[in-house]
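Enquirer: okay, predicted coordinates and the sequence, questions at the end:
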Amino acid sequence: MSQTLRTLGAVALGAFIVAVAALSVRTGPVSGAPSTTDPATHSITVTATGKTTVVPDVARVYLGVTTNRSTVKAVRAAGARSMTDIIAAVKALGVADADIQTTNLSLYPQYGNGSPSKVVGYQISEQVEITVRDLDKAGDVVDAATAKGATDVNGISFEVADPVKAQNDARAAAVAAARASAQAMAGAASISLGTVISITDSTPPSPIFYGYGALKAAAPSADVATPVQPGTQDLSATLTVVFEID
């Protein structure tokens, strides 16, 4: 009996040793072997700005009417009549309802001199933003509005209807500028410029508005039109480009 137990124990011990040996030779990653997922260790990083020149094709005109009367009823009626006439004149030039937006409507009491508690009248003010998609009519909008009672012309701004295309053109120019700079550095260092590893857009996100300025409100004479010149504007984009080098 004891001889049988010793034999079984020896067999079990041998099997255990074989199992440990098998585990010890299991294959795994070789220390120091290159990894295909690691980023390139040799690169050039360049930050460049690209610019494109655009001609604005949309104008936003800011105007309104401010009226004074002795009573709330009278001033409200006078302001409403003037603004109704202004809007009708602007719409007659082809401006759509969706392109006329009220931006401010206020009503305040007016006090007598030396008596801050005595109300002597009321003032109402209504301001609108008018989007003009035909720039040839931007000056006509100002003239028509002031002829119909607009007392406030607060300014005009210009923008492009398709800012995405203009922004992409500026980005393309920035990539070209970055490649030119990287190529110059690579040539100076006697190395070869490789493919692009990454591109980061560093351009701050913002609306594209151009050329805001004030216009003086005055009733136009019959033979003088208000000139409006959109000019041109430069749009820029800043990119950081990483190139592989050999």
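Expert: It's in.
Enquirer: contacts and neighbour counts: CA atoms only from here.
Expert: OK.
Enquirer: remind me which residues of this protein are low pLDDT?
Expert: 1-41, 205-223 (pLDDT under 70).
Enquirer: report the buried residues of the longest strand along it.
Expert: Longest among the strand segments of the chain by residue count, using DSSP state E, is strand 115-132. Buried positions in strand 115-132, judged by neighbour count with 16 or more other CA atoms under 10 Å: G121, Y122, Q123, I124, S125, E126, Q127, V128, E129, I130, T131, V132.
Enquirer: swap in stretch 97-108?
Expert: Per 16+ other CA under 10 Å, stretch 97-108 contains these buried residues: I100, L107.
Enquirer: and that stretch, how far out from the chain's middle?
Expert: Computed by CA atoms, centre = their mean, to the nearest Å, the chain-centroid distance of stretch 97-108 equals 24 Å.
Enquirer: the chain should start at 766 in everything you say after this.
Expert: That works, and once the first residue is 766, the last one we named lands at stretch 862-873.
Enquirer: who's in contact with it?
Expert: The contact list for stretch 862-873, computed with CA atoms under 8 Å, 6 or more residues apart in numbering, reads 852, 856, 887-897.
Enquirer: now for the top helix by length along the chain, which elements pack on it?
Expert: Looking across the chain with DSSP state H, the single longest helix is helix 928-953. Contact here means 3 or more CA pairs under 8 Å, 6 or more residues apart in numbering; DSSP states H and E; on that basis helix 928-953 packs against strand 808-819, strand 958-966, strand 998-1010.
Enquirer: out of the contacts of stretch 862-873, give me the two with the largest separation.
Expert: Spatial extent of the contacts of stretch 862-873 (CA to CA) is set by the pair Y887 and V897 at 32.3 Å.
Enquirer: next one: phi and psi at S967?
Expert: phi -100, psi 10 (degrees, to the nearest 10).
Enquirer: ok, it - contacts?
Expert: S967 touches A1002, T1003, L1004, T1005, counting by CA under 8 Å, 6+ apart.
Enquirer: turn those residues into a markdown table, including distance to S955 and neighbour count.
Expert: A markdown table is the format used below for the contacts of S967 (distance: CA to CA, whole Å; neighbours: other CA atoms under 10 Å):
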| residue | distance to S955 | neighbour count |
| --- | --- | --- |
| A1002 | 30 | 23 |
| T1003 | 27 | 21 |
| L1004 | 25 | 23 |
| T1005 | 23 | 18 |
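Enquirer: which one of those residues sits closest to S880?
Expert: Nearest member of the contacts of S967 to S880, counting by CA to CA, is A1002, at 57.2 Å.
Enquirer: I'd guessed that closest one sits against T814; true?
Expert: Yes: in this structure, A1002 is within contact of T814 by CA atoms under 8 Å, at 5.5 Å.
Enquirer: any residues in contact with both of those two?
Expert: A939.
Enquirer: closest one to T810 out of the contacts of S967, please.
Expert: Nearest member of the contacts of S967 to T810, counting by CA to CA, is T1005, at 7.0 Å.
Enquirer: nearest residue to the closest one in space, please, no chain neighbours.
Expert: T812 (4.2 Å; CA to CA, 6 or more residues apart in numbering).
Enquirer: that neighbour contacts A943, correct?
Expert: Yes: taking CA under 8 Å as the definition, T812 is a contact partner of A943 at 6.4 Å.
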